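S.K.: the following block contains a protein sequence and its predicted model.
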Amino acid sequence: MPDTLKERIARHIKMSGPLPLAEYMHWCMADRKDGYYQSRQTIGRDGDFTTAPEISQMFGELIGIWAIKTWEQLGSPESFNLVELGPGRGTLMKDLLRACQVSQSFFNAANVILVETSSLLKETQAQTLSQHENIRWHSSISEIPEAPTILVANEFLDVLPFRQYIKAKDKWHENCVGLDEADELSWVLGTGILDEKSLPGGHTTEPHGSVFEVSVIREAFVENVASLVAENSGAALFIDYGHAKSGFGDTFQAIRGHEYIDTLAEPGLCDLTSHVDFEALKKVALDKGLKTQTLMTQGEFLLSLGLLERAGNLGSGKDPATQERLKNEAERLALPDQMGDLFKVFAFSSMPELWPFSKEA
Ligand code: SAH
């Protein structure tokens, strides 16, 4: 039997010492052999978790309508990059492109680019999008050609590695994965200490054991997107769970088979995520001279884009079961106690206004 990822991680820790959380997460998600997205069909009813595009075709369709409007606000460039980061099964892009056929000139101008690192998911995306020619795959944002860019990313930022610091004796120590006496993975405080300048206000009154999270990789991704948009014009839309203000709290979670499990229990076999600090990302976009928009909830965003009208149109003249299904899908995406409030929409653009966001206060 070849070693499991858990055994390989444990052996590495035994030889080299505890792993910062970000490194543990990188092994779990991106290891070439056993990384979660490299080796498993993860998304959808038969996978570990479901995402908005897998819940309803209306999600991708409405983002398609947003993309057309944004392209018009950009002056309808004859050629532009239509980019998705981390497209999963390719469902959002498929629904988006179908909805965009209402504007043939948009459709002809779009160079569709998918940024994906998993070869397994690339294959799935190619199958889902087999009707479309000229779709290109890149494994990094830096490969995207210089051109006006409209970019979308759903549940992408939350899978990127991050670090945790824990307050102990007035210092913020890095939270690491080590081994307990039985050689099982367990949490230990590492030697790294966070510079207090990196902490949000109020850290002095946080209690012992308080947690602060930071994701340098996430910020670097957004910085690369922001540079592309600032230099070539365009807009970017990120939909994810997270908070509008930087704060404290442990948001690390693991999901397998639609159930929460211990984050150290099954490396490589479960989805690992954390909440996105949108305030940190907003600073990155502002530093590039871009206009950021007031964060909307997913519910507000989809309703402004016409979710109810779309559900009505699709259901019109259909049987009651179809109408009921569409109603349930719309509720799941937009109701505050379902996905509506938990998921936030963060956007920035080269132009001062971006539909359907209200101006940043
Ligand atoms: N957007 C999809 C899938 C979300 S899962 C949906 O809503 O259904 C996260 C996606 O990001 C997967 O496709 C995963 O393979 C991809 N991914 C993870 N890390 C990545 C990286 N560093 N670069 C590009 N894609 C990445």
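M.R.: Ah, there it is.
S.K.: report how many residues lie close to D262.
M.R.: For D262, the neighbour count with other C-beta atoms under 10 Å is 10. (Each C-beta comes from the backbone N, C-alpha and C, glycine too.)
S.K.: whoops, I mixed them up, I144
M.R.: I144 has 20 neighbours, counted by other C-beta under 10 Å.
S.K.: can I assume K94 sits in a strand?
M.R.: No - per DSSP: H, G, I helix; E, B strand; the rest coil, K94 lies outside any strand segment and is helix.
S.K.: now do the buried residues in stretch 179-199.
M.R.: In terms of neighbour count (16 or more other C-beta atoms under 10 Å), stretch 179-199 has its buried residues at L179, L185, V188, L189, G190, L194, L199.
S.K.: need the residues of the chain near the ligand, please.
M.R.: Taking C-beta under 6 Å from any ligand atom, the part of the chain that reaches the ligand is made up of 37, 43, 51, 53-54, 86-88, 92, 115-118, 121, 154-156, 159.
S.K.: inside strands: which ones of the residues you listed?
M.R.: If you go by DSSP state E, these have V115, N154 in strands.
S.K.: helices - which of the residues of the chain next to the ligand land there?
M.R.: Within these, membership in helices is found for Y37, P53, E54, L92, L121, as judged by DSSP state H.
S.K.: show me the helices in the stretch 1-150 of the chain, by range?
M.R.: 5-16, 21-30, 36-39, 52-55, 57-73, 91-99, 104-109, 119-128 (DSSP state H, counting those that start in this stretch).
S.K.: among these, which comes closest to H275?
M.R.: Put simply, out of the helices of the stretch 1-150 of the chain the one that sits nearest H275 is helix 21-30, at 13.9 Å, with distance taken as C-beta to C-beta.
S.K.: from the buried residues of stretch 179-199, which single one is nearest the ligand?
M.R.: Distances from the ligand to these, taken as C-beta to the nearest ligand atom, are shortest for L185 (21.8 Å).
S.K.: list the beta-bridge partners for the residue lying closest to A235 once chain neighbours are set aside.
M.R.: For A235, the nearest residue in space outside its immediate sequence neighbours is S349; the separation is 3.7 Å by C-beta to C-beta, 6 or more residues apart in numbering. Each beta-bridge partner of S349 is listed here: A235, K291, as defined by DSSP bridges.
S.K.: would you agree S349 is in contact with Q293?
M.R.: Yes - the pair S349 and Q293 qualifies as a contact (C-beta atoms under 8 Å) at a distance of 7.4 Å.
S.K.: confidence score at the spatially most central residue of the chain?
M.R.: In the chain, the C-alpha closest to the average C-alpha coordinate belongs to F156, at a distance of 2.0 Å (C-alpha atoms, centre = their mean). Confidence at F156, expressed as pLDDT, is 98.
S.K.: where's the residue lying closest to it once chain neighbours are set aside relative to A182, distance?
M.R.: Spatially, and ignoring its direct neighbours in sequence, F156 is nearest to G86 (3.6 Å; C-beta to C-beta, 6+ apart). Look at G86 and A182: by C-beta to C-beta, to the nearest Å, they are 36 Å apart.
S.K.: ok, now N111?
M.R.: Noted for N111: a distance of 54 Å to A182, by C-beta to C-beta.
S.K.: so who does the residue nearest to F156 touch?
M.R.: V115, E116, A153, N154, E155, F156, V159 (C-beta atoms under 8 Å, 6 or more residues apart in numbering).
S.K.: neighbour-wise, which of those leads?
M.R.: Counting neighbours by other C-beta under 10 Å, the one among the contacts of G86 with the most is N154, which has 26 neighbours.
S.K.: Q298 is in contact with that residue, correct?
M.R.: No - applying C-beta under 8 Å as the test, N154 and Q298 come out as separate, 9.5 Å apart.
S.K.: need the overlap of contacts for the two.
M.R.: A52, I239.
S.K.: show me what contacts the residue lying closest to A52 once chain neighbours are set aside?
M.R.: Take A52 and drop its neighbours on the chain: the residue closest to it by C-beta to C-beta, 6+ apart is F59, 4.5 Å away. For F59, the residues meeting the contact criterion (C-beta under 8 Å, 6+ apart) are A52, P53, L92, D95, N154, L302, L333.
S.K.: circling back to that earlier point, for the contacts of G86, which one is nearest A226?
M.R.: Taking those together and measuring to A226 by C-beta to C-beta, the closest member is A153, at 12.8 Å.
S.K.: and the pLDDT at that closest one?
M.R.: Reported pLDDT at A153 in the predicted model: 98.
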